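Chemist: take a look and give me a structure for this.
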Amino acid sequence: MNRHRLPRILHGEDEAIFDVLPDSVLANFGSSASENAVLWNVVYQLAQPTISFRDLLALPYLWGTASRGEDDLAPYYWGFDVRGVRLTRLDDELLTMDGPGPKTEVDLFLVGAQNLILLEVKNQSAPGQCSRWLGNRCPEVHAPGGPECLYWDRSPGFQDLLTFSKPALGDDVKGLPPCARHYQLARTLLLAHRMGQRLDLQPSVWMVVPRRRWRSLARSWRAFADGVTDSDLWRRLRVLSWEALQSLHAPEPTA
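Modeler: Numbering: from 1, shown residues only. Model (predicted):
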């Protein structure tokens, strides 16, 4: 039995996942702008036990290309299924990609027999930027001579998937370099690529936002998408609205 009693949970509050989620994820459920609560309340009802890839692709999208596909996608919320089971090989890949420090956290993984979708969901916030750059701690610019940024130092890394230039000491950088500005999405893209290789699945990166907020986020998303070098991966980028996702209905249970 789940020992947590979280606010703003409409369904599934007794699922075992709530006994294994990190405190950082659980704490967000208490926020009035909780993205985690929106994610759970919308997707949990749709994924009983899976979501149709075909139905998702048929939804109107805010950004993307027309696409078709067939698959049944199982949800892993913050890397766990509803039973509290961790997505296979995820922790191994996070340790390889992120090293011993803080790990890349993805809101939702949808895993099928052929496809792997990593979704970043937003409510009132925007995709995160690099805290090390913002804190003047970039290992490439502000602290040269020490360990390099893992996302540039290892392969596959940013340099294999994006046209972004690696910042270097002496660069005349006005504002944030692209890798810092699009840090969260770039790391999500990198993890999708690497997990796709590990699991032999076709990776995609999607974002879900309120329709009213798309205008304020569109320019930054397009700048990120324009930097993706692999044309097939670029075609698998997509932005959905919460309103479109909520238009799906879970199938009625059969006797």
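Chemist: tell me, how many residues neighbour Arg215?
Modeler: Neighbourhood size, Arg215 [other Cβ atoms under 10 Å]: 9. Heads up, the C-betas are built off the backbone N, CA and C, glycines and all.
Chemist: if you could redo that for Ala33, that was the one I meant.
Modeler: Count around Ala33 with other Cβ under 10 Å applied: 10.
Chemist: contacting residues for it?
Modeler: 123-125 (Cβ atoms under 8 Å, 6 or more residues apart in numbering).
Chemist: tell me the most packed of those, by neighbour count.
Modeler: Asn123 (17 neighbours).
Chemist: I'd say that residue and Pro210 touch.
Modeler: Yes - counting by Cβ atoms under 8 Å, Pro210 is a contact partner of Asn123 at 6.6 Å.
Chemist: count of neighbours near the closest residue to Val209 other than its chain neighbours?
Modeler: By the measure of Cβ to Cβ, 6 or more residues apart in numbering, the closest residue to Val209 outside its immediate chain neighbours is Lys122, 4.8 Å from it. Neighbour count of Lys122, defined by other Cβ under 10 Å: 19.
Chemist: can you list the buried residues in stretch 30-49?
Modeler: 34-44, 46-47 (16 or more other Cβ atoms under 10 Å).
Chemist: swap that for stretch 214-229, sorry
Modeler: The neighbour-count check on stretch 214-229 (16+ other Cβ under 10 Å) flags 214, 217, 221, 224-225, 227-228 as buried.
Chemist: same question, stretch 186-200
Modeler: Buried residues in stretch 186-200 (16+ other Cβ under 10 Å): 186-196, 199.
Chemist: average pLDDT for that stretch?
Modeler: The average pLDDT within stretch 186-200 is 98.
Chemist: CA atoms only for it - export them in CSV, please.
Modeler: Taking Å, rounded to 0.1, in the frame of the first residue of the first chain, the C-alpha atoms of stretch 186-200 are listed here in CSV:
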residue,chain,number,x,y,z
ALA,A,186,19.6,18.3,-25.8
ARG,A,187,20.2,15.8,-22.9
THR,A,188,16.8,14.3,-23.5
LEU,A,189,17.6,13.9,-27.2
LEU,A,190,21.0,12.3,-26.4
LEU,A,191,19.4,9.9,-23.9
ALA,A,192,16.7,8.9,-26.5
HIS,A,193,19.4,8.2,-29.0
ARG,A,194,21.5,6.2,-26.6
MET,A,195,18.6,4.2,-25.1
GLY,A,196,17.3,3.5,-28.6
GLN,A,197,20.6,1.9,-29.4
ARG,A,198,20.6,-0.1,-26.2
LEU,A,199,17.1,-1.4,-26.6
ASP,A,200,17.1,-1.6,-30.4
